[in-house]
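# Kindly generate the corresponding structure for this input.
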Amino acid sequence: MQFELTDEFLLKLREAISAHNGAFVHEHFKELYPPDIAEIFNKLEIEEAKYVYTQLDEQIAADVLVELDDSVREDFLASLTSKEIAEHIDNMDSDDAADVIAELPDSVQDEVLSHMEDSEQASDIVDLLNFDENTAGGLMATELVRVHLNSSAIDCVREIRAQADVVENIYSIYVVDEDAEEVANIMDKYNLVVLPVIDALGRLVGRITVDDVVDVRREEETEDVQKMGAMEALEEPYMSTPFLQMIRKRAGWLIILFLGETLTATAMAFFQDQIAKAVILALFIPLIISSGGNSGSQASTLIIRALALGEITIRDWWKIVKKEFSTGLVIGLILGIIGFARVGLWSYFISSYGPHWMLIACTVSFSLVGVVLWGTLMGSLLPLFLKRIGLDPAVSSAP
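Okay, the predicted model is just below:
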């Protein structure tokens, strides 16, 4: 049954913490999974969370620490001594331990590792910290089952049983020097739960588990969604992002887009005499511009997602142009017909468009066809262009 955190439970828990009622914590937390406990911790004050943490089983406590929101974990670790952090980290898988230590200031990292000198895991963590977080090495754990090529099935089973307490999900496929996102794509394609990793010499050095890949997927998709909203990707959760950083992340693209829109005003200035002769046309300019922008956003969103899923590549650009040209033309014609009908119907009931309503209707209609077609083509080609020059295609959606 899925755990649901309620205000009533939080109130009772806070009362128990104030009374140092450890029995309440043991009773209500013994059936909960680490993600459920982490959800509770995210709602508690640091000192409250520390009390509950001390009442948990060591292994459960370590798993909870991994599941905490980044900002909460940062505050929680800041309230602990280096020795306490080392004790908690010693109960984690090596990949999780490396991730947690990597979030600490350099000076604290050294102190924590110094307290782990007698631990077998310390050297593994140091090795993992040398890998970039966006590579396969940055995701892998060093805990694995290793058997000789000539081992019998019975030998393999014995080795698995011997290491059952420290290694879970034992499956095998070998990968070399892969980007983290590429690892996620491979595991997604082949429905794998574990990827063993080998180094350049073919030696087995670690494994990547599906929970790490889910995190990579979530981070990549969150980053893409934010970039598609015409902003830089946030480095922290929304509520934890400082005010000035939020302004910096959001203002940049808005300024660029604003300057770009001034080109529209400049272009319109060349046609002010024509607009002055038929002022009524000015009423349709926002409608026409937004239709082009919306069609472009549609096209870019489709292309960005198709690129991310590997459905298309840059080499398919001409096929994409032909497909989007046809699509944009038909959609433009549909909107053009609706625009023509709109002017025609209004002119039948009111005289706002005067005796030349037919010319106005045609102007609006043809403009919609042209702008929607252009927007669709640009929306589909801009992501490909950015991909070609090594930039993230996701930033092209709003522009």
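# Please make it C-alpha for all contacts and neighbour counts, starting now.
Noted.
# Tell me who's in contact with the closest residue to Leu302 other than its chain neighbours.
On the basis of C-alpha to C-alpha, 6 or more residues apart in numbering, the spatially nearest residue to Leu302 that is not a chain neighbour turns out to be Ser380, at 8.0 Å. Counting by C-alpha atoms under 8 Å, 6 or more residues apart in numbering, Ser380 makes contact with Gly296, Ala299, Ser300, Leu302, Ile303, Ile320, Val321, Glu324.
# Quick one: buried ones out of those?
Taking 16 or more other C-alpha atoms under 10 Å as the criterion, what is buried in the contacts of Ser380 is Gly296, Ala299, Ser300, Ile303, Ile320, Val321, Glu324.
# So which of those sit within helices?
Gly296, Ala299, Ser300, Ile303, Ile320, Val321, Glu324 (DSSP state H).
# Which stretches in the stretch 51-200 of the chain count as helices?
Using DSSP state H, counting those that start in this stretch, the helices assigned to the stretch 51-200 of the chain run over residues 58-67, 70-78, 82-89, 94-102, 106-114, 121-129, 136-139, 153-162, 180-190.
# What separation is there between Ala23 and Lys30?
Remark: distance between Ala23 and Lys30 (C-alpha to C-alpha, to the nearest Å) = 11 Å.
# and what of Lys277?
79 Å.
# So for Val213, what pLDDT did the model give?
According to the per-residue confidence, Val213 scores 69 in pLDDT.
# I'd like to know which of the ones in helices among the buried ones among the contacts of Ser380 is nearest to Asp7.
Comparing these against Asp7 with C-alpha to C-alpha places Ser300 closest, at 42.8 Å.
# does the closest one really touch Pro383, like I thought?
Yes. The pair formed by Ser300 and Pro383 meets the contact definition of C-alpha atoms under 8 Å, at 6.5 Å.
# in this protein, which spans are strands?
Secondary structure of the chain (DSSP state E): strands located at 194-198, 204-209.
# Stretch 315-328 - what's its average pLDDT?
Here stretch 315-328 scores 93 as its mean pLDDT.
# And that stretch, what's buried?
Going by neighbour count (16+ other C-alpha under 10 Å), the buried part of stretch 315-328 is Ile320, Val321, Glu324, Phe325, Thr327, Gly328.
# Okay, the residue sitting furthest away from the middle of the chain and Tyr348: tell me how far apart.
Centroid-distance maximum for the chain: Pro355 at 55.2 Å, with C-alpha atoms, centre = their mean. Taking C-alpha to C-alpha as the measure, Pro355 falls 11 Å from Tyr348.
# Which residues are in contact with each of these two?
Counting by C-alpha under 8 Å, 6+ apart, Pro355 and Tyr348 have no common neighbour.
# My guess is Met116 contacts Gln109. True?
No. Taking C-alpha under 8 Å as the definition, Met116 is not a contact partner of Gln109, at 10.8 Å.
# Near Gly260, how many residues? Count them for me, please.
Counted with other C-alpha atoms under 10 Å, the neighbours of Gly260 add up to 12.
# Ok, Leu11 next?
When neighbours are defined as other C-alpha under 10 Å, Leu11 has 11 of them.
# same thing with the one 5 residues further on?
Applying other C-alpha under 10 Å, we find 17 other residues in the vicinity of Ala16.
# residues contacting the residue nearest the centre of the chain?
When the chain is reduced to its mean C-alpha position, the closest residue under C-alpha atoms, centre = their mean turns out to be Thr222, at 2.4 Å. Taking C-alpha under 8 Å, 6+ apart as the contact definition, Thr222 lies against Ala233.
# quick one: pLDDT of it?
On pLDDT, Thr222 comes in at 76.
# mind checking how far it is from Arg14?
With the distance defined as C-alpha to C-alpha, Thr222 ends up 33 Å from Arg14.
# Ala97 too?
29 Å.
# higher neighbour count, those two?
In this view Ala97 and Arg14 are compared by other C-alpha under 10 Å, and Ala97 has more residues nearby, 25 against 16.
# which one of the ones in helices among the buried ones among the contacts of Ser380 is nearest Ala200?
Distances from Ala200 to these, taken by C-alpha to C-alpha, are shortest for Ile303, at 34.8 Å.
# what sits against that closest one?
For Ile303, the set of contacting residues under the criterion of C-alpha under 8 Å, 6+ apart consists of Ser380, Pro383.
# can you tell me how far it sits from Ala78?
Ile303 sits 43 Å away from Ala78, taking C-alpha to C-alpha as the criterion.
# Count the residues that sit near Thr54.
A total of 11 residues lie near Thr54 under the criterion other C-alpha under 10 Å.
# So, low pLDDT: which residues of this protein?
Within the chain, the stretches falling below the threshold (pLDDT under 70) are 1-2, 117-121, 123-124, 126-177, 179-180, 187-196, 198-199, 201-213, 352-353, 396-399.
# From Phe340, how far off is Asn42?
56 Å.
# Likewise for Lys50?
68 Å.
# So for these two, which sits in the more crowded spot?
Each of Lys50 and Phe340 has its neighbours counted (other C-alpha under 10 Å); Phe340 has more, 22 against 17.
# Next, the contact list for that one, please.
If a contact means C-alpha under 8 Å, 6+ apart, then Phe340 has Ala361, Cys362, Val364, Ser365 as its contacts.
# contacting residues around the first one?
Ala361 is in contact with Gly339, Phe340, Ala341, Val343, Gly344, counting by C-alpha under 8 Å, 6+ apart.
# now those residues as TSV including distance to Ser71?
Shown next, in TSV, are those (distance: C-alpha to C-alpha, whole Å):
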residue	distance to Ser71
Gly339	51
Phe340	55
Ala341	55
Val343	55
Gly344	58
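# Take those and, keeping just the buried ones, write it as a PyMOL select command.
A single PyMOL command suffices to select whichever of the contacts of Ala361 are buried according to 16+ other C-alpha under 10 Å:
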select buried, resi 339+340+343+344
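# Which of the contacts of Ala361 fall in helices?
Of the positions in those, Gly339, Phe340, Ala341, Val343, Gly344 sit in helices, assigned by DSSP H.
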